[in-house]
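> whatever this is, show me its structure:
(chains A and B)
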Protein chains: 2
Amino acid sequence: MTQVAVIGLGLIGGSLARRLAAAHDVVVFDEDAATRNLARAAGLTAADELTQTVSGAAIVFVAVPMPALSTMVSQVVPALSASAVVTDVGSVKAPLYAAVRAQGMGARFVGGHPMAGTERSGFAASDPCLYDGAAWVLCLEPDTVLPSWLRVAAVLTGIGVRVVPATAAEHDAAVARVSHLPHLLAAALASTAAAAGPLALTLAAGSFRDGTRVAATAPRLTVAMCRANGEAVEAAVAETVDLLRASGPDPGLLLAAGHQARRAWENREIVTTDLATGAVGLADRLLELGRRGGWVERIGEHSLSVAAPASV
Amino acid sequence: MTQVAVIGLGLIGGSLARRLAAAHDVVVFDEDAATRNLARAAGLTAADELTQTVSGAAIVFVAVPMPALSTMVSQVVPALSASAVVTDVGSVKAPLYAAVRAQGMGARFVGGHPMAGTERSGFAASDPCLYDGAAWVLCLEPDTVLPSWLRVAAVLTGIGVRVVPATAAEHDAAVARVSHLPHLLAAALASTAAAAGPLALTLAAGSFRDGTRVAATAPRLTVAMCRANGEAVEAAVAETVDLLRASGPDPGLLLAAGHQARRAWENREIVTTDLATGAVGLADRLLELGRRGGWVERIGEHSLSVAAPASV
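This is a model prediction of the structure:
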């Protein structure tokens, strides 16, 4: 049982708080009073002030919208006990680390990012099962305090999350391709179809519906994440544009490669092993695990249970 | 009760035959004997020869893979009674019309295309509910025999399909944008993510899963449809590539426009009216209905019940 605080009760923070409350001592806060009352109605303990929320916490999850993250982290850290750690759920990590370090708070912070969500937003859309089996990146940077990282990881694996170790830069490059790029492609597909007129929209069926689902997400959220990861997103878009242009008169190669990639992703074989918590160079071994597509499944007293795709 | 034949029992033909058999006298054929036996096991009447299958039919649905369509139509027509009509389910219409006309069979043919499917294929994947509420294009061309068109449309609306009138060229331009383009974007997304390595694939979640779902489709099917509609597909890809490249350093406009387009598609308001079957210029009025995003819902003795999005 850990003392946990969750700041920001939208879809992401609300879902997390509701799930954590089943296992830990959780206090929540949202700057919106109506949202705090919604949280109370859902059985959560909501404080009316930020300081009150975080003062007793061992781990603080900051789940406010991305543009407000660094300011919130800098408000939370001074109110914390010396051993407490702050983590977040923002979808881009390098700029946030830069802002946190500029305030000398790098050692108090472990950047995080849950790879789950829906096209809806707000506490009313929250779901305590949102993260069941989801990947959740926890950044390992040169200034990361490993025991803090392990403490956050233990709470997350405890609620059934797959904790993926990665540097902030590795994270940002990866999500540009598997998260931000899909949002841009969905928007481009929806716009191209709409420009084709009403007949096209009447003929739009499953491939269009699924291909544009995330275009229903509130644009303020997708714009903020794509802007914050600008360089990596531009590189990802350029790669996709090259593939599309090269497909030109004969799309056979592109369609075959895409099929192979999707099937390989569906059918990855996973192998589980153990890693001693006292292992030499544990942080580097965890980062190497992440690069192989692996994650931490469970944290015991003496060892970590880790999983990764079988090498081919 | 109409005498109907279905040739080709993959996902599309199999699903259609199983649904039609609940309301009509249906005989089916597939060149694969094992598939014919699967169909019999599912309660269908399967003939062992093509001629035997179609000789008594008033409507023949040809549902073989696209590259085999025109050959099959030319084999079916000579075996038909004079009043019978052949229709198909291929995903590209103009090249098929050209091939059918080259054999002098244009007046016997009504091109069709159901806007439904899954990423699976084969009779084993067939589902009699696949077309419930689906749009189904029936082409109206200058040489279309209107009573034949209405006969096919009556059978399809009778099983709950929305029959969308369009010329072959209009159909091909529309599906390039709402069906073929999504398959190419799914392939490009899957390939871009795979090239980013195992970490990216572990972080791939909902937006990637939905954005690449149709990349799981057998490439021989998607390649055939994209190749057959080459010009329109290249134009659609070029439009999307332009949107993606223009989004460059600031994707705000693209994401906002895509959001608006997806929401407008979800929230279209539909208005239903009647159209007399004896109306002057009925074919042109039906084509105009299709251009407005409308469809035929039901065909009565004296009038057609039609629906279309309210004009904004």
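> residues near residue A:231, how many?
Residue A:231: 12 surrounding residues under other C-beta atoms under 10 Å in any protein chain shown. The way it works is simple: take the backbone N, C-alpha and C, and place the C-beta from them, glycine included.
> next, it: secondary structure please.
helix (DSSP: H, G, I helix; E, B strand; the rest coil).
> who touches it in this structure?
By C-beta atoms under 8 Å, 6 or more residues apart in numbering or on different chains, no residues touch residue A:231.
> how close does it get to residue A:238?
11 Å (C-beta to C-beta, to the nearest Å).
> which parts of stretch A:153-167 are buried?
Neighbour-count burial for stretch A:153-167, counted by 16 or more other C-beta atoms under 10 Å in any protein chain shown, picks out A:153-157, A:159, A:161-167.
> touching chain B at all, that stretch?
Yes - using C-beta under 8 Å from any C-beta of the partner chain, stretch A:153-167 reaches chain B at A:162, A:164, A:166.
> just the ones of those residues in strands?
Among those, DSSP state E puts A:162, A:164, A:166 in strands.
> just those now: which is nearest residue B:4?
Distances from residue B:4 to these, taken as C-beta to C-beta, are shortest for residue A:162 (51.2 Å).
> before we move on, the earlier item: quick one: which of the buried residues of stretch A:153-167 is nearest residue A:226?
Within these, the smallest distance to residue A:226 is 19.5 Å, found for residue A:166 (C-beta to C-beta).
> check which helix or strand the residue nearest to the closest one when sequence neighbours are not counted maps to.
Nearest residue to residue A:166, sequence neighbours excluded (C-beta to C-beta, 6 or more residues apart in numbering or on different chains): residue A:290, at 4.5 Å. Taking DSSP states H and E as the criterion, residue A:290 maps to helix A:282-291.
> can you get me a residue count around residue A:55?
Residues near residue A:55, counting by other C-beta under 10 Å: 16.
> quick one: contacts for it?
By C-beta under 8 Å, 6+ apart, the contact list for residue A:55 reads A:79, A:80, A:81.
> for chain A, what spans make up the strands?
Counting by DSSP E, chain A has strands at residues A:3-7, A:25-29, A:45-46, A:59-62, A:85-88, A:109-110, A:112-114, A:135-139, A:162-166, A:270-276, A:295-299, A:303-309.
> would stretch A:9-25 count as contacting chain B?
No - using C-beta under 8 Å from any C-beta, stretch A:9-25 never reaches chain B; the gap is at least 12.3 Å.
> alongside chain B, which residues does the stretch 51-200 of chain A contribute?
By C-beta under 8 Å from any C-beta, the residues of the stretch 51-200 of chain A that approach chain B are A:115-118, A:134-135, A:137, A:162, A:164, A:166, A:170-171, A:173-175, A:177-179, A:181-200.
> buried subset of the residues you listed as a ChimeraX selection?
Selection of buried members from these for ChimeraX, criterion 16+ other C-beta under 10 Å:
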select /A:115,116,117,118,134,135,137,162,164,166,170,171,173,174,175,177,178,179,181,182,183,184,185,186,187,188,189,190,191,192,193,194,196,197,198,199,200
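> among the residues of the stretch 51-200 of chain A next to chain B, name the ones in helices.
A:170-171, A:173-175, A:181-195, A:198-200 (DSSP state H).
> pLDDT of stretch A:262-281, averaged?
Averaged across stretch A:262-281, the pLDDT comes to 94.
> list of residues touching it?
Contacts with stretch A:262-281, where a contact means C-beta under 8 Å, 6+ apart, come from A:150, A:282, A:285-286, A:289, A:293, A:297, A:299-310, B:186, B:190, B:193-194, B:201, B:204, B:212-213, B:215-216.
> hmm, which of those residues are the buried ones?
A:150, A:282, A:285-286, A:289, A:293, A:297, A:299, A:304, A:306-309, B:186, B:190, B:193-194, B:201, B:204, B:212-213, B:215-216.
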